[in-house]
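> next come a sequence and a model predicted from it.
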Amino acid sequence: MLTSQDDNQVTADNEYLHVKTALLHSPSLSMKLRCNTWLKMENMQPSGSFKIRGIGNMCMKAVELRGPSIHFVTAAGVNTCLAVAYAARQLNVEATIVLPKIVDERLFDLVKLEGANLIAMGEDFEQAEVHARALLSKMRNGIYIPSSDNPCIWEGNSTIIKELKTQLRGEPPAAIICPVGGGGLLNGIITGLQQVGWKQVPVIAVETHGSNSFQAAVVAGKLVTLPKSKTIAKSLSVRTISSKSLELSLDHPVVPFAVSDAMAADAVRHFADDHKTMVEPACGAALSLCYTQVIRDILPSLSENSDIVVIATGGSDIFLDDLDAFRRKYANPPIVVKSGSEVFLKLGDSLSSIADVDTEAAAAAGVGMAVIDNIRNDRDPGALDGFTRVVNSAKYIASEQQNKAEISNLQDNEGIAHEQASLPSIKQEIIPSP
Ligand SMILES: Cc1ncc(COP(=O)(O)O)c(C=O)c1O
């Protein structure tokens with residue numbers, strides 16, 4: 001059994017519960033994208049994901065403030081639960097984790113391995129949280145540890161950027177790509193960028209179509225609660241984004257993008273093949289912008305000298321048999337992404353255009369311009385050239401038949417129904433490949 005001291009040997013000091021992770025250059029993605037593609041390997045954190053950075057920070061501060069009799073309680077996503085359980089073991093305090101019964105038994109086993117009290121209760125995470133909070137109310141020194149929405153969590157997550165600055169020898173990257181669930185990671189990344197003086201570095205914030213609460217909020221200019229969150233990227237399954245994420249998106253260049261589940265799953269498989277590393281679909285969502293080369297359409301000015309960084313957030317909700325199931329269900333999916341209120345389609349590597357959003361109609365309808373406005377309002381518009389071009393000149397291939405399934409998936413998805421209803425019409429025009 002590891003002791004607190006053993007685990008912390010990997011950290012330079014005992015200031016944190018997380019470890020400094022490697023920034024790996026990906027030869028395969030760099031070749032594919034024709035720019036330096038770096039992977040911040042958060043999957044190598046002791047609890048299996050970046051979550052231990054923010055949650056570790058919050059848990060340490062809580063113990064400092066309220067002493068060793070404190071009792072951590074949580075009912076958030078699996079990676080949060082694992083981080084809380086790990087933090088409790090390291091800090092030698094009690095933790096009670098409530099997970100809904102629908103969670104894969106193998107994940108229950110992982111939490112039990114960390115030695116936390118585990119309760120299986122409720123049909124979903126919301127019911128589990130109600131139970132956890134009821135337990136908390138009966139404790140003398142209990143504290144609820146949320147997944148994302150706490151300044152200590154953002155502060156802990158912001159350490160990614162401080163490490164990155166040293167690892168990139170102070171040179172700012174052309175962009176950082178990260179997945180977004182509740183927004184704790186995004187908030188940490190943006191506050192970190194602002195603290196290290198990298199205010200111009202854009203963040204490409206990736207969700208899946210079934211969990212796009214950040215994108216919906218940016219488009220609407222206010223918090224939006226999705227009626228239902230439905231995605232294989234379970235760790236992104238949050239119905240309302242943190243209000244801090246929306247606030248920060250007005251102050252920092254952020255491009256919200258949503259990808260299909262199929263793209264996220266396919267990226268997980270490619271990543272396992274290329275880097276011999278398994279990550280869960282939440283992380284695959286961010287990687288998919290690279291595997292599909294959509295990132296080049298978002299940032300057309302990328303050159304061989306540019307650096308982009310993908311936060312490989314990791315995650316424990318992935319097993320070997322999932323890779324096989326993903327291959328059977330999702331191999332070579334058509335590429336469907338949403339940017340703001342626009343939907344783009346792409347297939348294969350050669351590029352032609354299909355989807356042009358009628359931006360005037362969108363403006364007249366008063367929807368969908370949030371992303372563009374967000375960019376124009378920035379203090380340094382030059383740094384953001386590429387983004388406006390996503391709207392104006394992104395070139396995508398259409399293959400109507402192959403894309404039909406994905407499109408109807410999009411339309412079936414209750415999570416984005418409210419947004420679909422207000423989408424401007426999309427003209428489809430098939431142009432032969434060059
Ligand atoms: C592996 C992984 N990636 C990304 C996220 C999204 O992070 P956040 O909820 O802080 O936005 C999560 C959240 O649980 C996660 O577990």
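Done, it's in.
> what separates the residue located most distally from the centre of the chain from R89, distance-wise?
The centre of the chain is farthest from one residue, R140, which by CA atoms, centre = their mean lies 35.0 Å away. Per CB to CB, to the nearest Å, R140 is found 21 Å from R89. For every residue, glycine as well, the C-beta is placed using N, CA and C.
> tell me the confidence at the residue farthest from the centre of the chain?
Predicted confidence (pLDDT) for R140: 96.
> likewise for L299?
pLDDT at L299 comes out at 87.
> what about it, neighbour count?
With neighbours defined by other CB atoms under 10 Å, the count for L299 comes to 25.
> which regions of this structure sit below the pLDDT cut-off?
1-14, 340-434 (pLDDT under 70).
> can you list the domains in it?
7-47+152-428, 51-150 (automatic domain parsing).
> phi and psi next, for the residue positioned nearest the centre of the chain.
In the chain, the centroid-proximal residue (CA atoms, centre = their mean) is P179; its distance is 1.4 Å. P179 adopts backbone torsions of phi -80, psi 160, taken as degrees, to the nearest 10.
> check contacts around it.
Counting by CB atoms under 8 Å, 6 or more residues apart in numbering, P179 touches 185, 205-207, 233, 235-236, 282-283, 285-286, 311, 313.
> re the thing from before, now the domains of the chain as a markdown table including distance to the ligand?
Shown next, in a markdown table, are the domains of the chain (distance: least, CB to the nearest ligand atom, whole Å):
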| stretch | distance to the ligand |
| --- | --- |
| domain 7-47+152-428 | 3 |
| domain 51-150 | 3 |
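> Q293: neighbouring residues, count only.
Q293 - counted by other CB under 10 Å - has 16 other residues nearby.
> ah, wrong one, I meant L136
Residues lying near L136 (other CB under 10 Å) number 18.
> repeat for V130
Using other CB under 10 Å, V130 is surrounded by 13 other residues.
> next SSE downstream of the helix or strand containing it?
V130 is part of helix 125-137 when elements are defined by DSSP states H and E. Downstream of helix 125-137, the first helix or strand assigned by DSSP H and E is strand 142-144.
> Three-state assignment for the residue lying closest to P333 once chain neighbours are set aside, please.
For P333, ignoring the flanking residues on the chain, the nearest one in space by CB to CB, 6 or more residues apart in numbering is A262 at 3.3 Å. Judged by DSSP: H, G, I helix; E, B strand; the rest coil, the three-state class of A262 is helix.
> so K228 makes contact with R239?
Yes - between K228 and R239 there is a contact under CB atoms under 8 Å: 7.5 Å.
> which residues are in contact with E155?
So E155 contacts G54, N57, G188, T191 (CB under 8 Å, 6+ apart).
> who wins for neighbours among those?
G54 leads the contacts of E155 on contacts (other CB under 10 Å) with 31 neighbours.
> what about that residue, distance to V337?
Distance of G54 to V337, computed by CB to CB: 27 Å.
> same check on V206?
9 Å.
> shared neighbours of these two, which are they?
With CB under 8 Å, 6+ apart as the test, V206 and V337 both reach F257, A258, V259, L289.
> next, give phi and psi for the second one.
By that I understand A258. phi -120, psi 140.
> isn't it right up against H209?
Yes - under the criterion of CB under 8 Å, A258 is in contact with H209, at a separation of 5.0 Å.
> related to what we said a few turns ago, between V206 and V337, which is the more surrounded one?
Neighbour totals were compared for V206 and V337, and V206 leads with 35 against 26 (other CB under 10 Å).
> helix/strand/coil for the more buried one?
Assignment for V206 (three-state DSSP): strand.
> which helix or strand contains V73?
strand 71-74.
> who are the packing partners of that strand?
If contacts are counted by 3 or more CB pairs under 8 Å, 6 or more residues apart in numbering; DSSP states H and E, strand 71-74 sits against helix 78-91, strand 94-99, helix 125-137, strand 142-144.
> tell me the strands beside it, with direction?
Listed by DSSP bridges, the sheet partners of strand 71-74 and their directions read strand 94-99 (parallel), strand 142-144 (parallel).
> ok, how many other residues are close to the residue lying closest to D261 once chain neighbours are set aside?
Closest residue in space to D261, ignoring its immediate chain neighbours: I232 at 4.6 Å, by CB to CB, 6+ apart. Neighbour count for I232, taken as other CB under 10 Å: 26.
> same check, this time on Q200
15.
> pretty sure it contacts P253?
Yes - if you go by CB under 8 Å, Q200 and P253 touch, sitting 7.1 Å apart.
> and stretch 36-52, what's buried?
If you call a residue buried by 16 or more other CB atoms under 10 Å, then stretch 36-52 has these buried ones: 36-52.
> try stretch 131-147
Neighbour counts over stretch 131-147 (16+ other CB under 10 Å) mark H131, A132, L135, L136, G142, I143, Y144, I145, P146, S147 as buried.
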